[in-house]
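Novice: Turn this into a model:
(3 chains)
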Amino acid sequence: MIVGKLKDVAEIKDMLPEDLESLFIIGCGTCVSVSLAGGEREAKSLRDLLELYFRSQGRDVKVNTATIKRQCDDEFIDSEELAISEHDVVLSLACGVGVQHLGIKHPGKMILPGVNTTFYGRNSDVGEWEEMCLGCGDCILDDFAGVCPVARCSKSLINGPCGGSQDGKCEVDDEIDCGWDLIYNRAKEIGQLDRLLSYEGPKDWSTYRDGGVRSHKNPEFFSE
Amino acid sequence: MAEYISKLEQLLEEGEFVVCSEMGPPIGADPEFIRKKCDDVKGYVDAVNITDNQTAIIRMSSIAAARIAMEEGLEMIIQVTGRDRNRIGIQSDLLGASALGLRNVLCLTGDHQCFGNDEDAKNVFDLDSVSIIKACQQMTEEGKLINGNELKTEPPRLYYGGAHNPFADPFEMHMLKLEKKIEAGMKFIQTQCIYNIEKFDYWMEEVRKRGLHEKCHIMAGILPTRSVKALRMMKKFVAGMDVPDYTIERMEAAEDKKAEGVQMAVDIINHVKEIEGVRGVHLMPVAWEEITPVVVEKANLYPRPEV
Amino acid sequence: MSGSIAHYDVAYIGQALKENELSQVTLPASSLTECRGEIGNFTLSYQAEEELDQIQTSNVVINLPHQEELPVEGCLSLTGVGDEFLAEADGDKPLIIIQDYQELSAAALSQRGLKLALQAKSEDPAREVYYFYQAMRFMDDNDELYEEARRQEVIFLKHDLGELEISQDGEVFYSREDIELNLSGKLVVAPELKPAAEVERLARIFNITRGPEGYLQVDNVYLQPTLSGKRGLYVLGGARGPNALTYQQEEREYTLQEIKRNLIGVEELDEEERSVDDQKCVVCYTCYRVCPHGAIQRDEELNSMQIMPLACQSCNLCISRCPMGAITRSGEIEEQPQSDRQVIICENSAALAREKADSDPMAGLEVTEVPCVSTVKKEHIYQRLAGSEGDLLILGCISEACKHLTGHDRCEQVVSSAKSDLEKLDLDPERVNYQRLSPRMAADLSAYLADWKGEVLQ
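Specialist: Next up is the predicted model:
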């Protein structure tokens, strides 16, 4: 799932134009809700906090909010068309996808990002997420005992570990598990160590953004 | 009669106990900096490593610095890491290095940029140490690039090796990496600096069990230090360093710390000389490069053989 | 699976308690796969011989033995020593009893040790009996047993860290001050008690939080003696805690009594209706995970969470933390605070402390009583501050006396987050504060409020 983190409220405040008269905060009810970053709860409490702030500044700014199911699909955004048009600025709490989609639908409106989209991650504990996937476009999990060297190793090493891996922890930060340690242990457990031994050439990065900004079409919806 | 690619190869292949040392290029563009350092070690070592933005701190490039030192008459080993350049840049650099007459390459994955002053940088790691070694092997022996295309003119002449940390755990996992590098064609290894003799002995035993010492020339890393503080810093902050307490205690107890540091290095050299499979030493006196001749002499490794 | 599911008064996970009046079933912990439903109507799925099967039960009791860790393999555990033990040969060898070796032993183990020592002496007064201890733990008549054991010339030796060592072959080395002993004989050791096997799985299946040592009951007055936090689910023995050996009889009796009372009838704990809007619910499982009472489960048809009304204990923590605001309660009203001095108090501590105080320490303040301070939503904090020029004080409960176990902590997390955000916008973070009280702290409450009022008045 796409995981995000609500931006520092001071950073959000600094993004807002000085002559702001009305602000519409749009929350998103999918990924950022599940990752507890930008759902209705965050949208409403941010609204109340900003109202408190503007009042303390003696400014009369209207702040309204709505939360839609997703901001990456047209139909949900359409339901807020009127509300968006009635406000100077829109602050979207969706991931980077949603913020931009809103911008595509409303090119004349300033759409600001209220959430830092961080990574594709799993929920490891209530309130905690960890990065699992980088969306490289060419999944090689079968070659690495189900642990991704691209996303779980801080250097994305195809032939790991590096010399800085010590006692299962990464040289960058000892809170980070060494991805290669995980790969190695998993390979041992499922009997795939010899697969690790065979030489792995450098990765083909052309399926990642390195090959150009990506898009794709499902063939069942498009004819030749 | 075998034709050797480099003097280093010749010495190793002919069974000499090799002495290498290391030089850090300047944080600046002054070639004199290198030339001065050359004076310190000339005649006392067989070959000199020149680091490549080590610990992600920006310095003059390894190839440029190596060329300057080579002109002073030293046998040089350039270092190439995967952190800063992609496969295009690395292969290009290797061709250039060979064209400049540089013959020895140490292929490294590279420290993460968080250790340096440019934490904001994007890291590359398109190639890791195994892939860099493989790239050298393919270029040198097959005249081919990683993408399979053939080189159009003369292939490079490179003698390529890598580094290894005998103290990293879990042991088996790091052995796997070592075996992969040797499989890819690595000719020589310089190890992480040794303070924990027992652990090094154990590693060498495991290396010999797997016959790896016959596939690859191993040089033991030695880092002469001169202060308790330096030892403590390495123990605490450097990833993969094993500095036992008895080493620190020995330095603490010493009156003349510098002399003790030299003696400690010499003791380790004398120990590793006797280990089957160790084919030389690699001295890395961080911020104390001038001590290299002293250590070499005290370890009875002077003069160096002529080839 | 057959058409109808058997319904029992109580299902035991582990060992059943002897009670003829109740219809019961016993399931091994390892076979259990799922628990749905609430008190009066739990549905337990378990792995039967060939297939998955289900039973229904009004109550559940988890009664499992502790796991034990002994310092040396092969030495005897104090809990495992039966009557035949002393009758075996080796009567000429000294009997060595050791407690407090790896950790301070429970009083009940101490009692066993003393009784064993006395038994040995009564069978053969000439036999040497050594008793090593760090601290004597007294319960019931332990002190009498101790006195008697001394009279019988049991050799009591106190040991501290490093003074006692048991070798791998069961030899005992003792060195303290001027005494040095090297003993071998019949060795019996009080084991280190560990949580029962399967507690992690059971906690997951029943959705209750384990304590820091891994037991199914946390250290909280509202859970004593055998409550789990989930209505209708009781925990005994090695599932409950390290001190579960002391009052076993009383705990069993209490549990059976509770079960019988439940069977007469269980009512919802408050009048409010709580519902989850299935159109908003994203099944993030946050409410399920934070609920201290295991009162939430997923409705498989609607694919939305549902709050079980009998299981719910009204803390409103789920409502406060739902990222989509999908949970609502009928009692929630629009707040219109008027005064500058607002206090939100937990009905379980500050409200009681207030009553105990000599004169009402909250006179003149605008007070809102809540079933748990985790009821307070982050947006409420900002709304209340916006609605007045003054301050907001939230008074929750101390950890061991928080009726909703984690509610006090959860509220603090929200208040900290709000304070941090206020500060980032150059708004005064001191406008909102959080304190924990116990119900007894009437004097402290008065003093604290006097201070707070004083500041606010300035």
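Novice: Which strands border the lengthiest strand in chain C, and is each parallel or antiparallel?
Specialist: In chain C, taking DSSP state E as the definition, the longest strand is strand C:52-64. Strand C:52-64 pairs in its sheet with strand C:7-14 (parallel), strand C:41-47 (antiparallel), strand C:233-237 (parallel), by DSSP bridges.
Novice: Most tightly packed of the ones you listed?
Specialist: Each of those was scored by mean neighbour count; the highest is strand C:233-237, a mean of 27, by mean count of other C-beta atoms under 10 Å in any protein chain shown. For the C-beta atoms, the positions are set from N, CA and C on the backbone; glycine is no exception.
Novice: quick one: contacts of the helix or strand following that strand?
Specialist: For strand C:233-237, the following helix or strand on the C-terminal side (DSSP states H and E) is helix C:248-264. Helix C:248-264 is contacted by residues C:9-10, C:17, C:19, C:21-22, C:39-40, C:58-59, C:61, C:108, C:225-226, C:232, C:234, C:236-237, C:240, C:244 when judged by C-beta atoms under 8 Å, 6 or more residues apart in numbering or on different chains.
Novice: mind running it again at 6 Å?
Specialist: For helix C:248-264, the external contacting residues (C-beta atoms under 6 Å, 6 or more residues apart in numbering or on different chains) are C:9, C:10, C:17, C:19, C:59, C:225, C:226, C:234, C:236.
Novice: pLDDT on it, on average?
Specialist: Averaging pLDDT along helix C:248-264 gives 95.
Novice: List the buried residues of whatever helix or strand comes next after that helix.
Specialist: Using DSSP H and E, the helix or strand that directly follows helix C:248-264 along the chain is strand C:274-276. Buried residues in strand C:274-276, counted by 16 or more other C-beta atoms under 10 Å in any protein chain shown: C:274, C:276.
Novice: same for the helix or strand of chain B with the lowest mean pLDDT, what does it pack against?
Specialist: In chain B, no helix or strand scores lower on mean pLDDT, DSSP states H and E than helix B:228-237, which sits at a mean of 89. Helix B:228-237 sits against helix B:245-253, with contacts defined as 3 or more C-beta pairs under 6 Å, 6 or more residues apart in numbering or on different chains; DSSP states H and E.
Novice: For the helix it packs on, buried residues please.
Specialist: B:247, B:248, B:250, B:251.
Novice: quick revisit: centre of the chain versus the least confident helix or strand of chain B, how much separation?
Specialist: 21 Å (C-alpha atoms, centre = their mean, to the nearest Å).
Novice: same check, this time on stretch C:53-63
Specialist: 20 Å.
Novice: quick one: average confidence on it?
Specialist: So the average pLDDT for stretch C:53-63 ends up being 96.
Novice: The residue nearest the centre of chain B: what secondary structure?
Specialist: Geometric centre of chain B, nearest residue: residue B:190, 4.8 Å, by C-alpha atoms, centre = their mean. Secondary structure state of residue B:190, per DSSP: H, G, I helix; E, B strand; the rest coil, is strand.
Novice: quick one: contacts for the residue lying closest to it once chain neighbours are set aside?
Specialist: Closest residue to residue B:190 apart from its sequence neighbours, by C-beta to C-beta, 6 or more residues apart in numbering or on different chains: residue B:282 at 4.2 Å. The contact partners of residue B:282, by C-beta under 6 Å, 6+ apart, come to B:20, B:190, B:219, B:221.
Novice: let's go with 8 Å and repeat that
Specialist: Counted by C-beta under 8 Å, 6+ apart, residue B:282 has contacts B:20, B:21, B:22, B:49, B:190, B:191, B:219, B:220, B:221, B:222.
Novice: ditto for residue A:55
Specialist: Applying C-beta under 8 Å, 6+ apart, the residues contacting residue A:55 are residue C:386.
Novice: Let me know the pLDDT of residue A:199.
Specialist: 68.
Novice: sorry, back to before: from what I see, the residue nearest to the centre of chain B and residue B:165 are in contact.
Specialist: No - between residue B:190 and residue B:165 there is no contact under C-beta atoms under 8 Å: 10.6 Å.
Novice: if we can go back for a sec, just the contacts of residue B:282 now: which is nearest residue A:169?
Specialist: Set against residue A:169, the nearest of the contacts of residue B:282 by C-beta to C-beta is residue B:191 (21.2 Å).
Novice: If we ignore the residues flanking it in sequence, what's nearest the residue of the stretch 351-458 of chain C at minimum distance from chain B?
Specialist: Proximity of the stretch 351-458 of chain C to chain B (C-beta to the nearest C-beta) peaks at residue C:424, 23.1 Å away. In space, and not counting its chain neighbours, residue C:424 is closest to residue A:10: 4.0 Å by C-beta to C-beta, 6+ apart.
Novice: now residue B:244
Specialist: Counting by C-beta to C-beta, 6+ apart, the residue nearest residue B:244 is residue B:196, at 5.1 Å.
Novice: which bits of chain A sit near chain C?
Specialist: Proximity of chain A to chain C (C-beta under 8 Å from any C-beta of the partner chain) is limited to residues A:8-10, A:13, A:29-30, A:33-34, A:36, A:39-42, A:44-45, A:47-49, A:51-53, A:55-56, A:67, A:126.
Novice: What backbone torsions are found at residue C:376?
Specialist: phi -70, psi 120 (degrees, to the nearest 10).
Novice: Now the closest residue to residue C:378 other than its chain neighbours: which helix or strand?
Specialist: Using C-beta to C-beta, 6+ apart and skipping the chain neighbours, the partner closest in space to residue C:378 is residue A:45 (4.3 Å). Counting by DSSP H and E, the element that carries residue A:45 is helix A:40-56.
Novice: Good, we can wrap up now.
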